[in-house]
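Chemist: I need the structure of the sequence given here:
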Amino acid sequence: MSEKSLWSYIRNGMKGKWTHANRHEDSVSIGIADVSYYHRGNSWIELKEVKKLPVRRNTPVRLGQWHKNGGAQRHFLTQRKGWLLIRVNHPKRMYLLFDHNHLPPWISPLWNWIDMTDNAQHIWTNKIDFVNLAMLLGDPE
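Modeler: So this is what the prediction gives:
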């Protein structure tokens with residue numbers, strides 16, 4: 001699984017629920033979110049994949065590029081009232097959605113699994129309820 005397959009899953013599930021959704025792969029501009037869309041306003045979503053959670057619940061969860069470039073991805077989402085969507089693959093499939101006011105830190109101390117679940121705007125197990133996701137994404141305030 002990858003962020004590319006996560007985008008495909010989101011794109012297919014949100015079909016008819018939003019418009020002008022585009023995936024951005026910009027290696028020049030630092031911090032640009034993965035997806036822009038229009039749904040009751042323009043917004044952005046950063047997609048992250050966690051293949052396997054740490055064994056200990058208090059071990060920090062690493063989110064790849066999130067922790068690099070001076071927190072550029074976090075800053076981008078905060079400024080544009082965007083979202084962070086994380087898919088966890090193991091030990092069970094979960095999706096965590098964070099709004100721009102409750103994003104994980106990009107520097108230490110990093111959030112552990114307990115912090116992640118405590119701060120997520122919404123959590124889905126196994127699969128996303130796309131009607132619910134559309135409702136949540138429609139109100140970036």
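Chemist: Now for Arg57, how many residues are close by?
Modeler: Arg57: 13 surrounding residues under other C-beta atoms under 10 Å. Placement of C-beta: from N, CA and C, glycine included.
Chemist: Lys81 now?
Modeler: 16.
Chemist: quick one, helices of the chain?
Modeler: All helices of the chain, identified by DSSP state H, fall at 3-13, 72-79, 113-119, 130-137.
Chemist: who's in contact with the third one?
Modeler: Yep, that's helix 113-119 we're talking about. Helix 113-119 is touched from outside by 53-54, 57-59, 61, 86, 96, 98, 102, 104, 111, 123, with contacts defined as C-beta atoms under 8 Å, 6 or more residues apart in numbering.
Chemist: In PyMOL, how would I select the buried members of the residues you listed?
Modeler: Here is the PyMOL command that selects only those of these that count as buried (16 or more other C-beta atoms under 10 Å):
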select buried, resi 53+61+86+96+98+104+111
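Chemist: Confidence-wise, which of the contacts of helix 113-119 comes last?
Modeler: Note: of these, the lowest pLDDT belongs to Arg57, at 87.
Chemist: Not counting its neighbours along the chain, what's nearest that residue?
Modeler: Excluding its sequence neighbours, the residue lying closest to Arg57 (C-beta to C-beta, 6 or more residues apart in numbering) is Trp113, at 4.8 Å.
Chemist: Mind listing what's buried along stretch 92-110?
Modeler: Met94, Tyr95, Leu96, Leu97, Phe98, Asp99, His100, Leu103, Pro104, Trp106, Leu110.
Chemist: Output it as PDB, nothing but the C-alphas.
Modeler: Output of stretch 92-110 as PDB, limited to C-alpha atoms (Å, rounded to 0.1, in the frame of the first residue of the first chain):
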ATOM      1  CA  LYS A  92      -5.500  -3.400  11.800                       C
ATOM      2  CA  ARG A  93      -6.600  -1.100   9.000                       C
ATOM      3  CA  MET A  94      -7.500   2.400  10.300                       C
ATOM      4  CA  TYR A  95      -8.000   5.900   8.900                       C
ATOM      5  CA  LEU A  96      -7.400   8.900  11.000                       C
ATOM      6  CA  LEU A  97      -8.400  12.400  10.000                       C
ATOM      7  CA  PHE A  98      -6.900  15.500  11.500                       C
ATOM      8  CA  ASP A  99      -8.100  19.100  10.900                       C
ATOM      9  CA  HIS A 100      -5.700  22.100  10.700                       C
ATOM     10  CA  ASN A 101      -6.100  22.900  14.400                       C
ATOM     11  CA  HIS A 102      -5.100  19.400  15.600                       C
ATOM     12  CA  LEU A 103      -2.100  18.400  13.500                       C
ATOM     13  CA  PRO A 104       0.700  16.200  14.800                       C
ATOM     14  CA  PRO A 105       3.900  18.000  15.700                       C
ATOM     15  CA  TRP A 106       6.700  17.900  13.200                       C
ATOM     16  CA  ILE A 107       9.500  18.100  15.800                       C
ATOM     17  CA  SER A 108      10.100  16.300  19.100                       C
ATOM     18  CA  PRO A 109       8.300  15.300  21.200                       C
ATOM     19  CA  LEU A 110       6.500  13.400  18.500                       C
END
